[in-house]
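Novice: Fold the following.
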Amino acid sequence: MLKDAFKRLSLHSLIYAGGTYLNRGVALLLTPLVTFYLPLDQYGVKELFGPTLAILAQIAGVNVVNAMVRYYFEYEDERRRSAVVSTALLSIAAVAGALVAALWFATPEIASLVLKPERAPEYHSLLRVLYLIFFFQIIGQIGFKYLQANEKSLIFGAITLAKLLLEIGLKILFLVKFDMGLEALFYSVLIGESLTATIMSVWLLGKLGARIDPVLLKKLWIFTLPLIFTGLGQFMLHSADRFMLEHMAGEGAVGLYGLGYQFGQLSNYLLLGPFMLIWYPFVFSLRDEGRQRKLCGRAFTHFMLILDAGTLGVCLFAREIIRIFATRPEYHIAYQVVPAVAIGYLFWASYQMIQTGFYVQKSTKLLPWLCGATAGVNIGLNALVIPRYGFVGAAWTTTVTFAILAVACFLLIRRRFPVDYEWRRVVIAASWALVLGLVGWYLPVQTGVWAWIIRAGLLAAFPAGLLIVRYPRDAERAALGEILHQVWDAICQQLRRFVPMRK
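Specialist: Numbers count the residues shown, from 1 in each chain. All right, here's what the predicted structure looks like:
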């Protein structure tokens, strides 16, 4: 049973991963173009507007999409399930619309909070575009989450691909042809989000019916309200440092930090993001708490191993990555941020897995306090280190606070939702990755072909070292061999369809 669960989880994660890889890969490929057309200070403004979008989503209750999935699986009856989805969609649209209307008239005040007062007036119109992006983005999440809950990963992937291609074409057109600068990035996203959200919402309401169930409405928002404060705490953890940097060191420092942060998060986007899209719906669908705990323990070991490898690769090649993707030389020192952010997001991933117990238990009241407390630690540390160490200090503050968050979450949930985590194996893999990363970072040869060769060798040493100490168990070795054999057979079958076989 659990083996079948892992197969289903892996299949849908791979499909979601394909979409995320493509999305993130294209964003990275556009980085040279963006850094060519945007000076460092405008890139910093872009990095400030992104978190502003995130905080608006949290205030509006974006976590109602998670509440929708949680209660969707409470019912077997399709009519009740439809009512859950339509109630979530219509209620979040009403809340988001009211928030946009209020913010529209408060734009001058909001702009002065986000930017320095002397720069704020020139970005009023762009901030209003951001409000519209937020509105369409948040209601579009309901449709995407509905597809995930029903394991319609192929449809999900097709829609996100079409949206991605549209936004890419518009960004290139607006940047290169019309030289719109920063506005090119936001107008292209607005067009993509508005079309996607409108089409999906019309389809959903036509399929499921446009009605609000008062009982379900109460349940959804009781579940969601504590998560608003949790989300605000998470926003402070992820993004408060950018606003502090802007006021203490200027928009250029924010630009450098944002670029380095983008690549430091690479493992998070490529590995954690696709996995989490299906993780919660899948865990909730199991229903039996014993199976849920067992799945959480096993998945944690394997997934953290994959993240260790990804984080090691990002850290080893941080200098080269930034030099390749940043067009202007003024961006190149951003590589100093990458290792700290990458390690920080390793702790963040562990927190994301461990906190599953709170959602299974429908006990999310502690999460706002947990995130709020660690956000306070983050702000306090940033206030101390940014004046002295600038954007690099902000990056290491991220590492420390995410580590505190993961440990605190484990201590709070272990009695409510006991999981048999394989901590010995987790620590062995992470420690080996850390040793290899430190060797690569302090290599006497930092540039040229030999630097690439040595770093590639260090990356290859990660799985080799774990094999030597017999990290994989016999059953895991056998399962891996079986998977590889099945993949090879599948490839051969596909080849036989197109390549005539000799008799």
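Novice: chain center to the lengthiest helix in the chain, what's the gap?
Specialist: Taking DSSP state H as the criterion, the chain has its longest helix at helix 366-413. How far helix 366-413 lies from its chain's middle: 18 Å, per C-alpha atoms, centre = their mean, to the nearest Å.
Novice: From the contact counts, what lies against that helix?
Specialist: Packing contacts for helix 366-413, counted by 3 or more C-beta pairs under 8 Å, 6 or more residues apart in numbering; DSSP states H and E, involve helix 214-249, helix 251-264, helix 338-354, helix 356-360. (Glycine included, C-beta is placed from N, CA and C.)
Novice: Tell me which helix or strand comes right after the second one.
Specialist: The first helix or strand that comes after helix 251-264 along the chain, using DSSP states H and E, is helix 266-267.
Novice: what comes into contact with that following helix?
Specialist: For helix 266-267, the external contacting residues (C-beta atoms under 8 Å, 6 or more residues apart in numbering) are 24, 307, 310-311, 313-314, 342, 345-346, 349.
Novice: Could you let me know which of the residues you listed ends up closest to residue 77?
Specialist: residue 349 (35.9 Å; C-beta to C-beta).
Novice: neighbours around that closest one, how many?
Specialist: Neighbourhood size, residue 349 [other C-beta atoms under 10 Å]: 26.
Novice: which residue packs closest to it, ignoring adjacent ones?
Specialist: residue 272 (4.8 Å; C-beta to C-beta, 6 or more residues apart in numbering).
Novice: List the contacts of the one you found.
Specialist: 307, 345, 348-349, 352.
Novice: so which of the residues you listed is the most crowded?
Specialist: If you count neighbours using other C-beta under 10 Å, the busiest of the contacts of residue 272 is residue 345, which has 29 neighbours.
Novice: Grab the nearest non-local neighbour of it.
Specialist: Nearest one to residue 345, counting by C-beta to C-beta, 6+ apart, is residue 268 at 4.3 Å.
Novice: Do I have it right that residue 205 meets residue 86?
Specialist: Yes. In this structure, residue 205 is within contact of residue 86 by C-beta atoms under 8 Å, at 6.4 Å.
Novice: Show me what counts as buried in the host helix or strand of residue 190.
Specialist: Per DSSP H and E, residue 190 falls inside helix 182-208. Going by neighbour count (16 or more other C-beta atoms under 10 Å), the buried part of helix 182-208 is 182, 184-197, 200-201, 204, 208.
Novice: and what of stretch 273-291?
Specialist: Those would be 273-284, 286, for stretch 273-291 by 16+ other C-beta under 10 Å.
Novice: between the residues you listed, which is nearest residue 461?
Specialist: Taking C-beta to C-beta as the measure, residue 461 sits nearest to residue 275 out of these, at 25.2 Å.
Novice: how near is that closest one to residue 304?
Specialist: Distance from residue 275 to residue 304, counting by C-beta to C-beta, to the nearest Å: 11 Å.
Novice: follow-up on the earlier one: any idea which of the contacts of residue 272 is closest to residue 145?
Specialist: When the contacts of residue 272 are compared against residue 145 (criterion: C-beta to C-beta), the nearest one is residue 352, at 16.7 Å.
Novice: any idea which element residue 308 lies in?
Specialist: Assigned by DSSP H and E, residue 308 falls in helix 289-316.
Novice: name the helices or strands packed onto that helix?
Specialist: Packed next to helix 289-316, using 3+ C-beta pairs under 8 Å, 6+ apart, are helix 2-37, helix 266-267, helix 273-286, helix 338-354, helix 356-360, helix 423-441, helix 449-468.
Novice: out of those, which comes closest to residue 377?
Specialist: Of these, nearest to residue 377 by C-beta to C-beta is helix 338-354, at 13.1 Å.
Novice: Let's see the closest one as CSV, backbone CA atoms only.
Specialist: Provided in CSV are the C-alpha atoms of helix 338-354 (Å, rounded to 0.1, in the frame of the first residue of the first chain):
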residue,chain,number,x,y,z
VAL,A,338,24.1,32.1,-2.5
PRO,A,339,25.6,29.5,0.0
ALA,A,340,23.9,31.1,3.0
VAL,A,341,20.5,31.2,1.4
ALA,A,342,20.8,27.7,0.0
ILE,A,343,21.6,26.2,3.4
GLY,A,344,18.9,28.3,4.9
TYR,A,345,16.3,26.8,2.5
LEU,A,346,17.5,23.4,3.4
PHE,A,347,16.2,24.1,6.9
TRP,A,348,13.1,25.7,5.5
ALA,A,349,12.4,22.5,3.5
SER,A,350,12.7,20.4,6.7
TYR,A,351,10.3,22.8,8.5
GLN,A,352,7.8,22.4,5.6
MET,A,353,7.9,18.6,6.0
ILE,A,354,7.7,18.6,9.8
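Novice: helices and strands around it, which ones?
Specialist: Against helix 338-354 (3+ C-beta pairs under 8 Å, 6+ apart) you get helix 251-264, helix 266-267, helix 289-316, helix 318-325, helix 366-413, helix 423-441.
Novice: Tell me how far it lies from the chain's centre.
Specialist: For helix 338-354 - counting by C-alpha atoms, centre = their mean - the centre lies 11 Å from the chain centre.
Novice: same deal with stretch 414-434?
Specialist: Worked out by C-alpha atoms, centre = their mean, stretch 414-434 lies 22 Å from the chain centre.
Novice: in it, what's buried?
Specialist: 417, 419, 421, 425-426, 428-430, 432-434.
Novice: So for it, mean pLDDT?
Specialist: Averaged over stretch 414-434, pLDDT sits at 90.
Novice: just stretch 460-473 next, same as before
Specialist: 84.
Novice: Show me which parts of that stretch are buried, residue by residue.
Specialist: Buried residues in stretch 460-473, counted by 16+ other C-beta under 10 Å: 461-462, 465-466, 472.
Novice: How about stretch 104-116?
Specialist: Neighbour-count burial for stretch 104-116, counted by 16+ other C-beta under 10 Å, picks out 107, 110-111, 114-115.
Novice: Also stretch 79-98?
Specialist: 81-93, 95-96.
Novice: roughly how far apart are the nearest residue to residue 418 once chain neighbours are set aside and residue 60?
Specialist: Among residues not flanking residue 418 along the chain, residue 293 sits closest, at 6.8 Å (C-beta to C-beta, 6+ apart). Taking C-beta to C-beta as the measure, residue 293 falls 33 Å from residue 60.
Novice: same check, this time on residue 435
Specialist: From residue 435 over to residue 60 (counting by C-beta to C-beta), the distance is 44 Å.
Novice: ok, these two, which is more surrounded?
Specialist: residue 60 (24 against 15).
Novice: from memory the more buried one sits against residue 94, does it?
Specialist: No. Look at residue 60 against residue 94 with C-beta under 8 Å: they stay out of range, at 9.9 Å.
Novice: ok so, going back, what about the residue nearest to residue 345, how many neighbours?
Specialist: Residue 268 has 23 neighbouring residues, counting by other C-beta under 10 Å.
Novice: cool, residue 340 as well?
Specialist: Around residue 340 there are 22 residues (other C-beta under 10 Å).
Novice: what's the closest non-adjacent residue to it?
Specialist: Nearest one to residue 340, counting by C-beta to C-beta, 6+ apart, is residue 395 at 3.7 Å.
Novice: Give me the neighbour count for the one you found.
Specialist: Using other C-beta under 10 Å: residue 395 sits among 26 other residues.
Novice: Check residue 269 too.
Specialist: Residue 269 - counted by other C-beta under 10 Å - has 20 other residues nearby.
Novice: Return the backbone torsion pair for residue 363.
Specialist: phi -120, psi 80 (degrees, to the nearest 10).
Novice: That one - nearest residue in space that isn't next to it in sequence?
Specialist: residue 416 (6.6 Å).
Novice: so the one you found touches residue 359, yeah?
Specialist: No. Between residue 416 and residue 359 there is no contact under C-beta under 8 Å: 11.4 Å.
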